[in-house]
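predicted model and sequence below, questions to follow.
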Amino acid sequence: METLQLIRKARSRKRRRYALLTLLLCLISFALCFLSLMLGNTIYPVQDVLRVLFGEEVKGASFAVGTIRLPRMVAGVFAGFAFGAGGYVFQTMLRNPLANPNVIGITTGSSAAAVFSILILHGSLMVTSIAAVIGGLVTVFVIYLLAKGSSFSIGRLILIGIGIQAMLNSVISYLLLIGNQHDLPAAMRWLSGSLNGLKMETLYPLLIIVILFTPILLVYGKHLEMMELGDQTATSLGVNVNKARIMLMLSSVLMIALATATTGPIAFVAFLSGPIANRIMGSGYSNIVPSGLVGVILVLAADLIGQHAFEARYPVGVITGILGAPYLLYLLVRLNRKGGL
Amino acid sequence: MKPAHVLKAENLYAGYEKKNVLQDVTITIPSNKISVIIGGNGCGKSTLLKTMARLIKPTSGQVLLDGKPLHQFPTKQLARVLGYLPQSPVVPEGITVADLVGRGRFPHHSFLKGWTAKDDEAISEAMEIMNISDLADCYLDELSGGQRQRVWIAMALAQQTDILFLDEPTTYLDITYQVEILDMLTDLNRKRGTTIVLVLHDINLSARYADYIFAFQKGKLVAEGTPSEVISSQLIKDVFGLDCTVIQDPVSLSPSIVPIGRHHNQLVKSW
C-alpha cells in the first residue's frame, strides 16, 4: 500500500506542476500579445487596445491596432503554435532533435515552391500559399521514400533531409538570379520569414488548419508517448503505429506548411520550441501544447525585438535565426560526442 | 480464475522481406504455464514470438486467440490480453521509473476514459512484484542493466495481460540477475496464473524454469514437451550441433546439460 501512496502523490504533484507551468506559458503568451498590440509608432494604453478589440471606434487606435497590429499578432500566435507543436511532433516521433522541419528541409521545400510561384508563375497570394503547402508535403514525401529504403533509418532520414535542403536552397538561389527585379522583395519574404504587411483575410487558411488539426495532434499525442518506446513496444501496447505515424506526420506537416505559406519560414522556431518545452516541463509527457506555446512566445518576442530593439526594423526570422544557430551548433557538438545522429 | 485464453499458431510461415524464417509451424501455447522456446541463433525463436505477438504479419498460416485470427481484434483489446517485451526496447530520454511503468496502462485507456485509481493500483502492484518500489522517482538512464530490465518487465505487468511474451529477458544480465528475473516470473505465473512464453539462451535455466519447452531448428518446431521429455543429448546435437551429456540438476531435479568441446573430454571418453 505504501507504494500506492507514493505513486499517487508523485503523480498528482507532477500533474499540478504541468498545469501550473502550462498556465504560466499561456500568461506569458497573453502578455506578449498585448505588448505587440500596444507598441509601435504610437504607444496605446491597455484600455484603448481593449476597446478596439471589443469593437469600439477609437480615433487613431482603431486603424493602428485593429488593421495593422492585430493581424500581425494573430499571425505570430498561430504560426508560432504551428511551428512549435509541429516541430515537437517530428522531433519526438523520430527521437532526434535534429529531425525537424527546419533542418530536414520541409520549410525549405515550402519556400522554394513559394519563390517559384512568385518569380516564375507570378501567382497570386492564394496560388503562392497553395504552392508552399504542396512544396512542403512533396518534400516530406520524397525524404520519407528515400529514407525508407530496405529498412527505415532515422539517421539516414536526417542526412537525406539535409541533402535535399541544400539542393532546394540552390534552386532558390537560381530562381532569385533569373527572377524579375520587381518581384524580388515579395520573394525575399519567403526566405527569412516575416509578419509584415499581413491582412486578416490572408490568415484564415492558417487559422482553420491549426484549429482543425491541433485536436488530432492531441488525441495522437498519447500514441506518440508510446511510440517513444520503439515501434515494437508501442504495437504491443495497442498502438496502431503506422496509422498513428501517418496521422501525426500529416497533421504536423500541414500545420507547418500553412504557417510557412502565411509568414514564410520563421527560422528555427520549429527546431527550438520542442527542446525548450522539454527543458521547462520535463520529458516523460506529451509536451505538444507547451511546445506550441513556446513557439508563440518565441515568435512574438522575436518580433517585438526585431521591431523595437534596434534602429532599423528586422523581420522576425532574422532574430529567431540569430537565436537558433548557436543552439544548432551546440546540438551537433553534443550529439557528435554521444555518437548518435 | 478466469477461463484461460488459448493462443495457437496454425501452419505459420513468417519472416522478413519475403524470406520465410518460420517454416510451417503449428503450435499451441499451454495456458497458465511457463513455456520456453530454445534453439540456435537464427532458428526463428524471436520471429515466432514476434509473429504470435502480431508484430510481424505471417506470409501464410495464422495465429489464433480463442479461435479468432489476431488481426481481427481491435489493437487495444488485444493489448489487454497479450503483452510482449522486445529484446532491446528503446529508452526515452529523461523518463522516470514510475512514468515508464505507467505507460503499460495505455491499452486500458480510451478517448473518453482517462486515468483512474485502478491504474495507480496496477502500477504499484507491478512495481511491488518486481521489487522496484524504491526506484519510483529515479530516471531510467541512472539504473543498472538488471534494474532496468525489472522496470521493463514491470511495465509489461502493469499492462495486466493474461499472456506475456518476453524475448530474451535475461540476456546481458549477470547470473544473479538472471536467476532473480526468472524467479520473479515464476512468482507471477504461480500467483496470477499468467501464461508466460520466453526465449532463453541458457538451456539449463530453461530446463529448470520451464513447464514446457519448444525446440526450434531452422524455422521448424522439432520437439516439444516437458523439459525431461525434450532435453536429451540427441536433441541438443540436432538443434545446436553440440555434443553434450545430460545429467540431473541437483537443485531442481530437472535435466541439465554439460557441453563437450574438443578439449577436456578425457573423462567422457572413458565413460
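Yep, it's here.

state the distance from A:Ser236 to A:Leu119.
Per CB to CB, to the nearest Å, A:Ser236 is found 51 Å from A:Leu119. For every residue, glycine as well, the C-beta is placed using N, CA and C.

give me the more crowded residue out of the two.
Neighbours per residue, other CB atoms under 10 Å in any protein chain shown: of A:Ser236 and A:Leu119, the larger number sits with A:Ser236, 30 against 21.

Three-state assignment for the residue nearest to that one when sequence neighbours are not counted, please.
Among residues not flanking A:Ser236 along the chain, B:Tyr84 sits closest, at 3.8 Å (CB to CB, 6 or more residues apart in numbering or on different chains). Three-state call for B:Tyr84 (DSSP: H, G, I helix; E, B strand; the rest coil): strand.

tell me which helix or strand B:Val222 sits in.
strand B:220-225 (DSSP states H and E).

residues of that strand that come out buried?
B:Leu221, B:Ala223, B:Glu224 (16 or more other CB atoms under 10 Å in any protein chain shown).

strand partners (parallel or antiparallel) of that strand?
The strands beside strand B:220-225 in its sheet (DSSP bridges) come out as strand B:212-217 (antiparallel).

tell me the spacing between A:Leu27 and chain B.
As judged by CB to the nearest CB, to the nearest Å, A:Leu27 and chain B stand 25 Å apart.

what about that residue, how many residues nearby?
Per other CB under 10 Å, the neighbour tally for A:Leu27 reads 11.

and the helix or strand hosting it, which residues are buried?
Using DSSP H and E, the element containing A:Leu27 is helix A:2-38. Neighbour-count burial for helix A:2-38, counted by 16+ other CB under 10 Å, picks out A:3-4, A:6-7, A:10-11, A:14, A:18, A:21-22, A:25, A:28-29, A:32-33, A:35-38.

just stretch A:42-53 next, same as before
In stretch A:42-53, counting by 16+ other CB under 10 Å, buried: A:Tyr44, A:Asp48, A:Val49, A:Arg51, A:Val52.

same deal with stretch B:224-236?
Neighbour count says stretch B:224-236 has B:Glu224, B:Pro227, B:Val230, B:Ile231, B:Ser233, B:Leu235, B:Ile236 buried, by 16+ other CB under 10 Å.

just give me the closest of those residues to chain A.
B:Glu224 (24.3 Å; CB to the nearest CB).

filter the buried residues of stretch B:224-236 down to the ones in strands?
B:Glu224 (DSSP state E).

want to throw the buried residues of stretch B:224-236 into JSON lines with pLDDT?
Below are the buried residues of stretch B:224-236 laid out as JSON lines (pLDDT from 0 to 100):
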{"residue": "B:Glu224", "pLDDT": "93"}
{"residue": "B:Pro227", "pLDDT": "93"}
{"residue": "B:Val230", "pLDDT": "92"}
{"residue": "B:Ile231", "pLDDT": "92"}
{"residue": "B:Ser233", "pLDDT": "91"}
{"residue": "B:Leu235", "pLDDT": "92"}
{"residue": "B:Ile236", "pLDDT": "92"}
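
could you count how many residues lie near A:Leu212?
Neighbour tally, A:Leu212, other CB under 10 Å: 12.

please report the distance of B:Ala207 from chain A.
Taken as CB to the nearest CB, the span from B:Ala207 to chain A is 27 Å.
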